[in-house]
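> Here's my sequence, what's the structure:
(chains A, B, C and D)
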Protein chains: 2
Amino acid sequence: MGIAERKEREREGVKDLILNAAREIFLSEGYENTSIRKIASKIEYSPGIIYLHFKDKNELLLALHDKAFECKMKALFIDVQDIADPLERLKATGRSYLQYGIDNPQDYELMFILTCTMEALAIKEEFWNDGATAIGLLKENIKACIGAGYFRKDIDLNEISLLLWSQVHGIVSLYNTERLNIYAIEDKKEFMFQSLDVFFSLVTRGLS
Amino acid sequence: MGIAERKEREREGVKDLILNAAREIFLSEGYENTSIRKIASKIEYSPGIIYLHFKDKNELLLALHDKAFECKMKALFIDVQDIADPLERLKATGRSYLQYGIDNPQDYELMFILTCTMEALAIKEEFWNDGATAIGLLKENIKACIGAGYFRKDIDLNEISLLLWSQVHGIVSLYNTERLNIYAIEDKKEFMFQSLDVFFSLVTRGLS
DNA sequence: TGCATTTATGAACAGCGTTCAATATATTTG
DNA sequence: CAAATATATTGAACGCTGTTCATAAATGCA
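This next block holds a predicted model:
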């Protein structure tokens, strides 16, 4: 009987309606101003409907998080896989990370800053799997760099991957929270990318 | 006439009452749960009183920010000034930064993450002055390191200071937002400090 | 058609930041 | 000292928020 399936489709349809509306409001008005009532009224349903598809607001945000994270992983690691040189590949990933972070501050906040979603996240190991996959890809890239002689062989993979990640994350989040205004520099973005270049030049040894 | 002064003292007294209560609630219950009404009831005043001393909640948080920032600056740069070797001094500052960030996550969030305070901050240049002072001290330290041969002479002071700052900031904020749980490592804190050591060992050249 | 099940509603609850007319307190003046 | 003025404080009210739940509408099945 196709009724159950149609029902399921309808259910998913409403869920998608909610998610799309939520994403739209979230992107245009930010986290603080994304309210259940706004989402509901945007899709012309009552507020209660949202709680038939999501446990609470956190879980809704988590669903948004998952989608954003997936897209990002794709952009960061898959899109650069045709770059043969591992260091250039790593640099490209770093630059993409910066670019993505400053172009999509709302998404970025959702993915890497908000703690309010972490309670929900603690249960869903899908989140951690995605994250581990990303770190795994990063480590692979670093390993290739070590193999090619760009990094010292004695450094721990976990540690260098944390350094790379937290370096780009730090730059992005300082920029997005406007803390870089402390620097009397006009072109903040250029400043960020140049600094990242310097980072790579310091951290790697020229091929010897 | 001393009446005006006494009045002023009383005013400041109430303002301090508010700030202390706000800080207490802020530290124990976090930003989200620090409400005007809670602060007011803690000091046994009506909610309205707060708006006689602060324009809005942002300005109250900004006042907390200023105090926290001052304390932190002291801890970070003044307390290590007796370390003669500039690189050791810089390392000590970095470690203090990490320690402070993970020991005082609420303060840290207030100082470096929250954007909701930035609207208020945009006007108050006191904030930017404090920040610029801190960056200035950091740059001085780096300059000393360059002078002592620990860093390459050709790198821009602004860029290397951004790298250092964003490196420690990135590590702290990933830890505080529990993103480091992606790593299957038990002792996260040790991991952070070791990574920071690695960072310094990569970024500096051994004295030659 | 009638019954059972699913789906959706929207009023209600407790809380939020903020404002403001009304009130209580304190000071100055007659 | 009493009246008038100035200041300090109140707390109800406004329009929001996330969330729940009895009620109502719509649908599927016999």
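> Can you get me a residue count around A:Y45?
As a burial measure, A:Y45 scores 16 neighbours (other Cβ atoms under 10 Å in any protein chain shown). Where you see a C-beta, it was placed from the backbone N, CA and C, and this is true even at glycine.
> do the same with A:G149
14.
> swap in the one 10 residues further on?
The criterion is other Cβ under 10 Å. On that basis, A:E159 has 20 neighbouring residues.
> does A:I155 sit in a helix, a strand or a coil?
Classification of A:I155 by DSSP: H, G, I helix; E, B strand; the rest coil places it in coil.
> Now do it, the pLDDT please.
At A:I155, the predicted lDDT confidence score is 90.
> Which of the helices or strands spans A:I146?
If you go by DSSP states H and E, A:I146 is part of helix A:125-147.
> can you give me how far whatever helix or strand comes next after that helix is from the chain middle?
Following helix A:125-147 in sequence order, the next helix or strand is helix A:157-176 (DSSP H and E). The chain centroid and the centroid of helix A:157-176 are separated by 13 Å under Cα atoms, centre = their mean, to the nearest Å.
> next one: stretch A:97-115
The answer for stretch A:97-115 is 6 Å, by Cα atoms, centre = their mean.
> for chain A, what helix or strand is lowest in average pLDDT?
helix A:118-123 (a mean of 63; mean pLDDT, DSSP states H and E).
> all helices of chain A, in order?
Using DSSP state H, the helices found in chain A span residues A:2-29, A:36-42, A:57-73, A:86-103, A:105-112, A:118-123, A:125-147, A:157-176, A:188-203.
> count of neighbours near A:D85?
14.
> go on, the one 5 residues further on?
Applying the criterion other Cβ under 10 Å, we find 23 residues in the vicinity of A:L90.
> my guess is it meets A:N141, correct?
Yes: with contacts counted by Cβ atoms under 8 Å, A:L90 reaches A:N141, the gap being 5.0 Å.
> Between the two ends of stretch A:150-163, how far is it?
One end of stretch A:150-163 to the other measures 16 Å (Cα to Cα, to the nearest Å).
> Show me which positions of that stretch end up buried.
Under the neighbour-count criterion of 16 or more other Cβ atoms under 10 Å in any protein chain shown, stretch A:150-163 has A:150-151, A:155, A:158-163 buried.
> Contacting chain B as well, which ones from the residues you listed?
A:155, A:158-160, A:162-163 (Cβ under 8 Å from any Cβ of the partner chain).
> Of all pairs in those, which one is the farthest apart?
A:I155 and A:L162 (11.1 Å; Cβ to Cβ).
> what about A:R205, how many neighbours?
Using other Cβ under 10 Å, A:R205 has 12 neighbouring residues.
> could you list every residue that touches it?
The contact partners of A:R205, by Cβ atoms under 8 Å, 6 or more residues apart in numbering or on different chains, come to A:149-152.
> could you redo those residues as JSON lines and give each row distance to DNA strand D and pLDDT?
JSON lines is the format used below for the contacts of A:R205 (distance: Cβ to the nearest atom of the strand, whole Å; pLDDT from 0 to 100):
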{"residue": "A:G149", "distance to DNA strand D": "52", "pLDDT": "92"}
{"residue": "A:Y150", "distance to DNA strand D": "47", "pLDDT": "94"}
{"residue": "A:F151", "distance to DNA strand D": "45", "pLDDT": "92"}
{"residue": "A:R152", "distance to DNA strand D": "48", "pLDDT": "89"}
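> With distance to A:V80 as new columns, can these be given to me in TSV?
Output for those, formatted as TSV (distance: Cβ to Cβ, whole Å):
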residue	distance to A:V80
A:G149	20
A:Y150	16
A:F151	18
A:R152	23
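> now, among the residues you listed, which is nearest to DNA strand C?
A:F151 (48.4 Å; Cβ to the nearest atom of the strand).
> Tell me who's in contact with the residue lying closest to the closest one once chain neighbours are set aside.
Leaving aside its chain neighbours, A:F151 sits nearest to A:C145 (5.1 Å; criterion: Cβ to Cβ, 6 or more residues apart in numbering or on different chains). Contacts for A:C145 (Cβ under 8 Å, 6+ apart) come out as A:86-87, A:90, A:151, A:204.
> and if we set it to 6 Å?
A:86-87, A:90, A:151 (Cβ atoms under 6 Å, 6 or more residues apart in numbering or on different chains).
> For the residue of chain A found nearest DNA strand C, which non-adjacent residue is spatially closest?
In chain A, the residue that lies nearest DNA strand C is A:G48 (2.4 Å; Cβ to the nearest atom of the strand). Spatial nearest neighbour of A:G48, excluding adjacent residues (Cβ to Cβ, 6+ apart): A:A40 at 7.9 Å.
> Thank you, goodbye.
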